[in-house]
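Asks: Here's a sequence, model it:
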Amino acid sequence: MGHIYVLRYKYPNAVEAFESYDDAVDAGVAFITEMGEANGLSEMEINDEVSEFIQFKNTEAVELYCCEVKEARQ
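Replies: Got it, this is the predicted structure:
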C-alpha cells in the first residue's frame, strides 16, 4: 500500500495528486501566492496564508490530504 498527496483547489474546485509530499506543498504554496497576487494581497497577507497552509494543510484556497492507495484489482 502506498501514499499519494491530494491537493484540492477550492476555487476552481479541482484536485491534483502527487507522489511526493514536498511537491504537493510546493504546488499549494505556488497556488496561494498566485491567487494572493491576483487578488491584490500584500506580501505579509500572502505569507500568513502560506504559513497557515504549511501548519494546518487547509486555507480558504487550498487543502492538502494524505491518502493511502491500494493496488488496483483486475
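Asks: all helices for the chain, in order.
Replies: Remark: helices assigned in the chain by DSSP state H are 21-38, 43-56.
Asks: Now do the residue lying closest to residue 69 once chain neighbours are set aside against residue 68, distance only.
Replies: Among residues not flanking residue 69 along the chain, residue 2 sits closest, at 4.9 Å (C-beta to C-beta, 6 or more residues apart in numbering). C-beta coordinates here come from the backbone N, C-alpha and C atoms, glycine included. Distance, residue 2 to residue 68, using C-beta to C-beta, to the nearest Å: 7 Å.
Asks: Same question for residue 9.
Replies: Using C-beta to C-beta, which is the criterion applied here, residue 9 is 22 Å from residue 68.
Asks: Please apply the same query to residue 5.
Replies: For residue 5 relative to residue 68 (C-beta to C-beta), the value is 11 Å.
Asks: One more: residue 32?
Replies: 26 Å.
Asks: The residue nearest to residue 63 when sequence neighbours are not counted - how many residues pack around it?
Replies: Leaving aside its sequence neighbours, residue 63 sits nearest to residue 8 (C-beta to C-beta, 6+ apart; 4.5 Å). Here the number of neighbours of residue 8 (other C-beta atoms under 10 Å) works out to 15.
Asks: And the one 10 residues further on, by the same measure?
Replies: By the criterion of other C-beta under 10 Å, residue 18 has 18 neighbours.
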